[in-house]
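Peer 1: kindly generate the corresponding structure for this input.
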Amino acid sequence: MSKILGVIPPQNFEIIRDRIAMILADELENQVLFYNPELDANVFIERTDPIDKTELPALNVSLASGSYDNKDVSGTDGTYTFNIDAYTSAKATALANADTQSVFNLHRLLGVCRYIMENPIYRNLGYSTPYISRVTVGSINIAEPGAKDGLSTFMGRLTVTVRVVETTALLPAVLIAGYETAAKLYTTEQGYVISKSN
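Peer 2: Coordinates of the predicted model:
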């Protein structure tokens, strides 16, 4: 018979994944207002279907891995790595070829995402301390260009690591039949004495 009688809440990595996506969507939308149209990106969460060229530029936030340490009876520290995959494309202009402009757009998008994630404003992702211990950007990687197309699509990845306290609610202990005893502890001037209750 089940001993956990309530609904198990979403785990912190689920909440943090969604929070990262919301922060990026909000901040990028604000940057577009400052005449940066190349930052007008669609933000997806855990998208596995290929992103269509009509949806570019785009970001996809996904959980890459998690590890746990500092365990005790009521919780542990979780360290999670999230991938922020960026996709850009461009058409040739008088100033740059399509592939060059697409790479420039990719670098700009990844750079802005890095700036957002490492900004002191978001060091706790908007949560009160000590829920989030730290948020750090680990690396930027650019994928090898794929097959040439008219829009010169490029992809890059920003990795973000978040350390968070994972707690587990303690359940009240219930005596299991067969482990009950009639013996009781009493204190005396010499210490403790065990006696039968009947």
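
Peer 1: from here on, just use CA atoms for contacts and neighbour counts.
Peer 2: Noted.

Peer 1: so where's the protein shaky on pLDDT?
Peer 2: Low-confidence segments of the chain (pLDDT under 70): 146-151, 168-187, 190-191, 193-198.

Peer 1: would you map the helices across it?
Peer 2: Along the chain, the segments classed as helices by DSSP state H run 12-32, 98-118.

Peer 1: packing partners for the last one?
Peer 2: In terms of contacts (3 or more Cα pairs under 8 Å, 6 or more residues apart in numbering; DSSP states H and E), helix 98-118 is packed against helix 12-32, strand 75-88, strand 132-142, strand 154-167.

Peer 1: partners of the last one, with directions?
Peer 2: Using DSSP bridges, the strands paired with strand 154-167 are strand 75-88 (antiparallel), strand 132-142 (antiparallel).

Peer 1: picking up where we left off before, highest average neighbour count across the helices and strands packed on helix 98-118: which stretch is it?
Peer 2: When those are scored by mean count of other Cα atoms under 10 Å, the highest mean neighbour count falls to strand 75-88 (a mean of 22).

Peer 1: give me the contact list for that strand.
Peer 2: Identification of contacts with strand 75-88 by Cα atoms under 8 Å, 6 or more residues apart in numbering yields 13, 17, 56-71, 102-103, 105-106, 109-110, 153-168.

Peer 1: for stretch 53-67, same thing?
Peer 2: Against stretch 53-67 from outside (Cα under 8 Å, 6+ apart): 13, 17, 20-21, 38-47, 51, 78-89, 153.

Peer 1: just the CA trace of it, in PDB.
Peer 2: Provided in PDB are the C-alpha atoms of stretch 53-67 (Å, rounded to 0.1, in the frame of the first residue of the first chain):
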ATOM      1  CA  LYS A  53      13.100  27.900 -40.900                       C
ATOM      2  CA  THR A  54       9.900  30.000 -40.600                       C
ATOM      3  CA  GLU A  55      10.400  29.900 -36.800                       C
ATOM      4  CA  LEU A  56      13.900  31.300 -36.800                       C
ATOM      5  CA  PRO A  57      15.600  32.800 -34.800                       C
ATOM      6  CA  ALA A  58      14.700  30.300 -32.100                       C
ATOM      7  CA  LEU A  59      15.900  29.100 -28.700                       C
ATOM      8  CA  ASN A  60      15.200  25.700 -27.100                       C
ATOM      9  CA  VAL A  61      15.700  25.200 -23.400                       C
ATOM     10  CA  SER A  62      16.200  21.600 -22.200                       C
ATOM     11  CA  LEU A  63      17.500  19.700 -19.200                       C
ATOM     12  CA  ALA A  64      20.900  18.000 -20.000                       C
ATOM     13  CA  SER A  65      21.900  16.400 -16.800                       C
ATOM     14  CA  GLY A  66      21.600  16.500 -13.000                       C
ATOM     15  CA  SER A  67      23.700  15.200 -10.100                       C
END
